Every structure is written in structure tokens, then in C-alpha cells.
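Novice: Turn this into a structure:
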Amino acid sequence: MHGHLSHDALVEVPAAVVWEVCRGLGLARLVNEQLQDVVGRAEVVQGDGGVGTILKVTFPPGTPGPSYMKEIFTKIDDEVRVKEGEIIEGGYKDLGFEFCRPRLHIIEKDAGSCIIRSSMEYEIDDKLKEITSQLTTKPMEILADGVGKYLKKKLSFSN
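Specialist: Below you'll find the model as predicted:
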């Protein structure tokens with residue numbers, strides 16, 4: 001069974017500024033500095049933030065399901081502002097998903113705002129389709145909200 005989840009978050013920050021945080025390891029730094037209690041702790045296992053980078057996210061205590069996940073960055077497109085990964089260990093893989101592809105797409109709305117489109121593409125055996133109810137974009141929504149708040153605050157202090 002193949003499926004897709006998506007969520008759009010409006011952010012009152014220019015797309016280019018948001019993309020600078022999202023494109024490499026900026027999200028991992030933001031998680032570690034601002035969102036550890038909600039998202040967890042991000043650790044670079046391999047790489048410099050480009051394609052091929054492997055990131056391990058350890059979820060906060062009390063989070064239902066697996067305690068961690070590892071994601072490899074498979075695509076970073078600066079032109080269309082898209083970043084894709086694949087969960088290679090832990091997380092949804094441990095629940096039985098054969099394939100999970102988190103994706104961030106930063107879409108310019110106007111000069112001062114953008115949309116962070118968080119999505120998850122997945123593949124799971126038809127016999128396990130009831131497990132798809134556990135799949136969510138919520139962590140990515142929390143990240144989008146955190147990025148927006150952090151950058152808006154940062155931009156207001158620099159003006």
C-alpha cells in the first residue's frame with residue numbers, strides 16, 4: 001500500500017530565509033537549541049548537511065513508539081527549495097513501514113512570507129495497513145512552527 005500525508009504551514013518570513021535554515025543542518029541545530037522537549041535531540045551520524053548526510057533523531061522520553069530514527073538526506077534542490085530524506089532505521093521503519101520519505105518544500109507566497117509544505121510518502125504491506133493511522137506529519141508541523149517563530153523573532157531583533 002502506497003500513501004501520502006501533507007501539511008501546509010504559513011510562515012511570515014521570506015522563503016529564502018526559511019530555506020537557509022531548512023536546507024542543511026539548520027533544522028538539526030534548531031531542534032537541539034529550541035525544540036528538544038517536543039521533537040527530541042538531533043545528531044549528525046555522517047555528512048555535512050548535503051545529500052548523503054545521515055541524521056539520528058532521539059525522541060523525548062514518553063514519546064509513543066520507537067525511541068529514535070535515522071534519516072538520510074536524498075535530495076536538496078536549492079532552485080525549487082525542496083529537501084527529501086528517507087527513514088533508514090528506527091521510527092516508522094520499526095513499526096513495519098517499508099519506505100518513508102519525509103519532504104520539506106518551501107513555497108514563496110510573497111516577499112515576506114512563505115508556506116512550509118511538510119509531507120510524508122510511505123509504502124507498507126497491505127496486511128499492515130491499520131498501522132498507517134500511526135503515521136503523522138505532526139513532528140514536521142512542530143518543526144515548521146518552530147522555524148517560523150524562531151526566524152520571525154530573529155528578524156524582528158535585527159531590524
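
Novice: ok, residues contacting the worst-scoring helix or strand of the chain on mean pLDDT?
Specialist: Least confident helix or strand of the chain, by mean pLDDT, DSSP states H and E, is helix 138-158 with a mean of 82. Contact partners of helix 138-158, identified using Cβ atoms under 8 Å, 6 or more residues apart in numbering, comprise 7, 9, 11-13, 17-18, 21-22, 27, 30-31, 34-35, 38-39, 102, 104, 116, 118-120. In this view, the C-beta of every residue, glycine as well, is placed from N, C-alpha and C.

Novice: At the geometric centre of this protein, which residue sits there?
Specialist: Nearest to the geometric centre of the chain sits Met140, at 4.5 Å (Cα atoms, centre = their mean).

Novice: Report the contact partners of Met117.
Specialist: Residue 117: Arg, not Met. 6-9, 103-107.

Novice: Around Lys109, how many other residues sit close by?
Specialist: Lys109 has 13 neighbours, counted by other Cβ atoms under 10 Å.

Novice: correct me, but it touches Ile115?
Specialist: Yes: shown here, Lys109 and Ile115 form a contact pair, counting by Cβ atoms under 8 Å, at 5.8 Å.

Novice: list residues touching both of these two?
Specialist: Counting by Cβ under 8 Å, 6+ apart, the residues touching both Lys109 and Ile115 are Leu10.

Novice: about what we covered before: the least confident helix or strand of the chain: which residues count as buried?
Specialist: The neighbour-count check on helix 138-158 (16 or more other Cβ atoms under 10 Å) flags 139-140, 142-144, 146-148, 150-151 as buried.

Novice: what would these look like in TSV with distance to Thr58?
Specialist: TSV is the format used below for the buried residues of helix 138-158 (distance: Cβ to Cβ, whole Å):
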residue	distance to Thr58
Pro139	13
Met140	17
Ile142	15
Leu143	15
Ala144	21
Gly146	17
Val147	20
Gly148	24
Tyr150	21
Leu151	25
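
Novice: Now, of the contacts of helix 138-158, which are buried?
Specialist: Buried among those (16+ other Cβ under 10 Å): 9, 11, 13, 17-18, 21-22, 27, 30-31, 35, 38-39, 102, 104, 116, 118-120.

Novice: Would you mind finding the longest strand in this structure?
Specialist: Ranked by residue count under DSSP state E, the longest strand found in the chain is strand 97-110.

Novice: and it, what does it pack onto?
Specialist: Applying 3 or more Cβ pairs under 8 Å, 6 or more residues apart in numbering; DSSP states H and E, one finds that strand 97-110 contacts helix 15-22, strand 82-90, helix 91-95, strand 113-124.
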